[in-house]
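Novice: Okay, sequence plus prediction incoming.
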Amino acid sequence: MALLQVIELGKSYNTETRVLKGVNFDVKAGEFVSIIGPSGAGKSTLLRCINRMVSISEGSILFDNQEVSRLKKKDLRKLRTDIGMVFQHYNLVPRLTVIENVLHGRFGYKSTLQGVLGRFNEDEKARAFYLLHKLGIEEHAYKRCDQLSGGQQQRVGIARALIQDPKLVLCDEPIASLDPNSSKIIMDHLKSITSELGITCLVNLHQVEVAQQYSDRIIGLNEGEVVFDGPIHQLTDDKINRIYGTQTRELITV
Ligand SMILES: Nc1ncnc2c1ncn2[C@@H]1O[C@H](COP(=O)(O)OP(=O)(O)OP(=O)(O)O)[C@@H](O)[C@H]1O
């Protein structure tokens, strides 16, 4: 059973350009799927449609059998706790400590007042320390985030997404600001911790080799259309050229 179903999805920010066109794919619970494609292909837009950071123009997105575009207030809030997000630039509060930033991931479960007062229970704090331990940065728990390296900050970003107890984590170019060594550490952690916790992962990546190394499946986007969707062994050089080339419009059936 698919956790996420994207059906004939279309997105336009304005009347002139359609950023996503007839996008169809499913993601099963527990899958680790990468989305690759050239700059401007619509990868970030696709992730933003899934958690409704932007509204969709056509088609539908079903998450856990619920139509995302129809959700209101309480259900929309629930969707945002069920879907965690990891960003390229981490989106942490730099002057707050690591542990405070991680606990921010629990805000979706709190009343506004509890959130403002920073009220977190012992279980939540223990969970935050557990995640920091798993991600190898427990010793930095009381440091301000702006004192950490990029790779360490991204691990805080991952812990903040996971403490939400999400079913799905969307990662928008999680390693685009990192050097190769830190990138490897982040991808290793992302893969192992999501697989251990049984969390589904949908990751936008610029690097084909990284996508091939870590994914169960790859989706290739070109100018807003899915031009490849299949397991890594089917992503041949020819298909990579079609994803990154500009001439092809045909769907590669796999
Ligand atoms: N808020 C917005 N308003 C108008 N156009 C937008 C907006 N966000 C993105 N776009 C346009 O939509 C297209 C797809 O952008 P998007 O960021 O989704 O692509 P991407 O594949 O993630 O690119 P990159 O790899 O460079 O991040 C681009 O042409 C971009 O200019």
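Specialist: The structure has been received and is ready for your questions.
Novice: how about the residues of the stretch 1-150 of the chain near the ligand?
Specialist: 13, 19, 37, 39-45 (C-beta under 6 Å from any ligand atom). Where you see a C-beta, it was placed from the backbone N, CA and C, and this is true even at glycine.
Novice: Which parts of the stretch 151-254 of the chain are strands?
Specialist: Secondary structure of the stretch 151-254 of the chain, counting by DSSP state E, counting those that start in this stretch: strands at 168-172, 200-204, 217-222, 225-231.
Novice: Could you dump these into a markdown table and include mean neighbour count and mean pLDDT?
Specialist: A markdown table is the format used below for those (neighbours: other C-beta atoms under 10 Å; pLDDT from 0 to 100):
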| stretch | mean neighbour count | mean pLDDT |
| --- | --- | --- |
| strand 168-172 | 24 | 98 |
| strand 200-204 | 24 | 98 |
| strand 217-222 | 23 | 97 |
| strand 225-231 | 19 | 97 |
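Novice: can I get those strands in JSON lines with distance to Gln88?
Specialist: Shown next, in JSON lines, are those (distance: least, C-beta to C-beta, whole Å):
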{"stretch": "strand 168-172", "distance to Gln88": "6"}
{"stretch": "strand 200-204", "distance to Gln88": "9"}
{"stretch": "strand 217-222", "distance to Gln88": "17"}
{"stretch": "strand 225-231", "distance to Gln88": "22"}
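Novice: Any chance of those in TSV with distance to the ligand as columns?
Specialist: Listed next are the strands of the stretch 151-254 of the chain as TSV, based on distance: least, C-beta to the nearest ligand atom, whole Å:
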stretch	distance to the ligand
strand 168-172	7
strand 200-204	6
strand 217-222	7
strand 225-231	12
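Novice: Now for the residues of the stretch 1-150 of the chain next to the ligand: which two are most distant?
Specialist: Largest separation among those by C-beta to C-beta: Tyr13 and Gly37, giving 17.4 Å.
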